[in-house]
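[1] Attaching a predicted model along with its sequence, questions to come.
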Amino acid sequence: MYFDPLYFVFAMPPMLLGLWAQFKVKSAFKKYSQVRTQSGMNGAEAARRILQRGGLGNVTIESTDGMLSDHYDPGQKVLRLSEEVYTLPSIASVGVAAHEAGHALQDKAGYAPLQLRSIMVPAVSIGSNLGPIIFMAGMFLAGTLGTTLAWAGIILFGGTALFALVTLPVEFDASRRAKELLVSQGIVSSAEMQGVNAVLNAAALTYVAAAAQAIMQLVYFLSIMNRRDS
């Protein structure tokens, strides 16, 4: 089977960044999961305080399975926290919970990047899987049909790259809101913010890595098309 060595040029740097980001976020979360908050508040309590102060008493907070599976569902107005984040009164837990509560505040404010990302989710869930398959099918076929299929795959996967880019301001803004609210609402002290910053900054790096991976794969597909057309 033929393997294009140029693929490594595009794939390896963002892949290594992704591995490093995953290591950083797991390491930071593990470290600061063992540091108790001075306020004694756990993730669920921190999120509830932020939501109530933001006029979002209608948002439900639930515990969900999985490590770092925390997310906000704008459709159902539910903030789901992993069991550890939900229950533990740790720096890591309140940092993650506040970040997710930040997404709920974005939703209330009509934050445009969050709205755009929510709209894109159905198409991206399809394009991220089918795009590469359709592209490769097109590359194996000759003539106009093959070229058309290849470009269709690129366009589908291009939505994934765009989604990754739109995600960056959404996540960065949620972390910014979380850091401000944790101190202003007395959930953590200024001294405890070092741990919060370590956890949330590491998490932000994972989104940067995901965007880099999607963009570089898209650029690789385009480079293949350029060689095909030349």
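    Noted; the coordinates are in hand.
[2] Pull out the CA atoms of stretch 69-82 and give them to me as CSV.
    Extracted in CSV, the C-alpha atoms of stretch 69-82 (Å, rounded to 0.1, in the frame of the first residue of the first chain):
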residue,chain,number,x,y,z
SER,A,69,-16.6,14.8,30.3
ASP,A,70,-17.9,18.2,31.5
HIS,A,71,-19.9,20.3,29.1
TYR,A,72,-22.8,22.7,28.8
ASP,A,73,-25.8,21.7,26.6
PRO,A,74,-27.3,25.0,25.3
GLY,A,75,-30.3,23.1,23.8
GLN,A,76,-31.5,21.6,27.0
LYS,A,77,-30.0,24.3,29.3
VAL,A,78,-28.1,21.6,31.3
LEU,A,79,-24.6,21.9,32.7
ARG,A,80,-23.2,18.4,33.0
LEU,A,81,-20.2,17.8,35.3
SER,A,82,-18.1,14.7,35.6
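[3] which residues touch it?
    Stretch 69-82 is contacted from outside by 43-44, 47, 51, 58-68, 85, 96-97, 99-101, 103-104, 107, 114, 118, using C-beta atoms under 8 Å, 6 or more residues apart in numbering. Every residue, glycine included, has its C-beta placed from N, CA and C.
[4] Selection in ChimeraX covering whichever of these are buried, please.
    This is how ChimeraX selects the buried members of these, with burial counted by 16 or more other C-beta atoms under 10 Å:
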select :43,44,47,51,59,61,85,96,97,99,100,101,103,104,107,114
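[5] Mind checking which residue lies nearest the centre of this protein?
    Centroid-nearest residue in the chain, with C-alpha atoms, centre = their mean: Tyr207, separated by 4.9 Å.
[6] mind listing the helices for the chain?
    All helices of the chain, identified by DSSP state H, fall at 6-32, 43-53, 83-87, 91-109, 112-140, 143-184, 193-229.
[7] would you turn the ones you listed into JSON lines with mean pLDDT?
    Shown next, in JSON lines, are the helices of the chain (pLDDT from 0 to 100):
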{"stretch": "helix 6-32", "mean pLDDT": "92"}
{"stretch": "helix 43-53", "mean pLDDT": "95"}
{"stretch": "helix 83-87", "mean pLDDT": "96"}
{"stretch": "helix 91-109", "mean pLDDT": "96"}
{"stretch": "helix 112-140", "mean pLDDT": "90"}
{"stretch": "helix 143-184", "mean pLDDT": "93"}
{"stretch": "helix 193-229", "mean pLDDT": "92"}
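[8] so of the ones you listed, which one's packed in deepest?
    Comparing the helices of the chain by mean neighbour count (mean count of other C-beta atoms under 10 Å), helix 91-109 ranks first with a mean of 25.
[9] just checking, what packs against that one?
    helix 6-32, helix 43-53, strand 71-73, strand 78-82, helix 83-87, helix 112-140, helix 143-184, helix 193-229 (3 or more C-beta pairs under 8 Å, 6 or more residues apart in numbering; DSSP states H and E).
[10] rewinding a little: make CSV out of the helices of the chain and add distance to Lys77.
    Shown next, in CSV, are those (distance: least, C-beta to C-beta, whole Å):
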stretch, distance to Lys77
helix 6-32, 26
helix 43-53, 10
helix 83-87, 17
helix 91-109, 8
helix 112-140, 12
helix 143-184, 16
helix 193-229, 23
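[11] hang on, the earlier thing: pull the contacting residues for the residue nearest to the centre of the chain.
    Contacts of Tyr207 (C-beta under 8 Å, 6+ apart): 164, 167-168, 171.
[12] nearest to Lys24, of the residues you listed?
    Glu171 (14.9 Å; C-beta to C-beta).
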